[in-house]
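Undergrad: Return a 3D structure for these sequence lines:
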Amino acid sequence: MPFEQGSKALKSDGHKHTTQTSERVNVPKLPIASEEGFSNVVRDSNQNYWFTKQLSPNHVEVYVFVHSLAQLRTFQVNGKPSFYEYPETICIACEGEEWNGWIYEFSKEDPRMTHQWHVNGIFCDLKRRGNQLIVSSYHVEGDEALLTTFGDSGKMVIPLEAGYSPVNMMIAEEGVYVAALSISASDQDQVLLLDDTYQIKNTFKLDFSPRTIHSWNGSLIVHGINRRTGKSDQLVYICSKTGRQEKFPIPSCELVQCSEQHLTFYNADTKILSIFDHQQKEIVSMRESERPYVSNHF
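TA: All right, here's what the predicted structure looks like:
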């Protein structure tokens, strides 16, 4: 079975909700209106609401409305936050100032900050593998991609590749995949496959810039930007065993979901939803639609 993976896109609350009040519980009004400066309104699987407010260029206040207690709590974090949900916790990863990153972990059952970690370099992505949190970052002074793990044995920093910046990670049975962009235009972008000790055991060179990576039926799927056009219109299936690549043309769009049957793409400008079938290797459906809501609870 694959390892647990976090979801950066928690349940965005695009619908209006009413909160029931009783004589014994006074439920505070959720200050989530955009004109009040609040953003990142998301809901976890425990029905807690999380949202943020910018206090200064490098400091953000995180609010959580605890559903079970009808209680509003606040915390301060350093930098621009991204939310990741796991079965028992919420992690907030922040791009901090002066090339520093910060990771904050909260319990979902009783939302309180349980851990706070510093990350060397610019934060890129976060995943959970068993009891470990894995963070990828770009170390500016060393000009290299770094992997940092936090777990029962403490913190471990692992240099990956000089001259590269990671952009996305994926946990798979065969290891950890890291999509990496070359800092120099003369070098090719690539996807790194790391073993159980997070050492590089394979690399897949690319002639385009990867943005997100997914998997299907033993293949690595890379969605990225065509260097010639500068648009997100590259979709490549890579055999994880042989490295053989198959490229398929797609409209310029955002990949919003990867399932066992197909990929779902959305173009926000045209409001066109496209379905790309894995077996047929082509778009089998296109229709006008609002951006689909996708729930990724584990």
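Undergrad: any idea how far S165 is from K247?
TA: To S165, K247 is 23 Å away according to C-beta to C-beta, to the nearest Å. C-beta: built from backbone N, CA, C; applies to glycine.
Undergrad: Check P210 too.
TA: To S165, P210 is 11 Å away according to C-beta to C-beta.
Undergrad: for stretch 252-265, which positions count as buried?
TA: Within stretch 252-265, the residues scored as buried using 16 or more other C-beta atoms under 10 Å are 252-253, 255, 258, 262-265.
Undergrad: And for stretch 207-214?
TA: Buried residues in stretch 207-214 (16+ other C-beta under 10 Å): 208-214.
Undergrad: Please tell me how far it is from the chain's geometric centre.
TA: Between the centre of stretch 207-214 and the centre of its host chain there is 14 Å, according to C-alpha atoms, centre = their mean, to the nearest Å.
Undergrad: Run through who's touching it.
TA: 167-170, 177, 179-181, 188-189, 191, 220-227, 232, 234, 236, 255, 258, 263 (C-beta atoms under 8 Å, 6 or more residues apart in numbering).
Undergrad: which of the residues you listed count as buried?
TA: Buried among the contacts of stretch 207-214 by 16+ other C-beta under 10 Å: 167-170, 177, 179-181, 189, 191, 220-226, 232, 234, 236, 255, 258, 263.
Undergrad: re the thing from before, ok, the buried residues of stretch 252-265 vs E98, which is closest?
TA: Nearest to E98, judged by C-beta to C-beta, of the buried residues of stretch 252-265 is L255 at 32.4 Å.
Undergrad: quick one: C253 from I225, how far?
TA: To I225, C253 is 12 Å away according to C-beta to C-beta.
Undergrad: Likewise for T149?
TA: As for T149, its distance to I225 is 29 Å (criterion: C-beta to C-beta).
Undergrad: F265 now?
TA: 14 Å.
Undergrad: quick one on the thing from earlier: more neighbours, K247 and S165?
TA: Shown here are K247 and S165; by other C-beta atoms under 10 Å, S165 has more neighbours (23 against 14).
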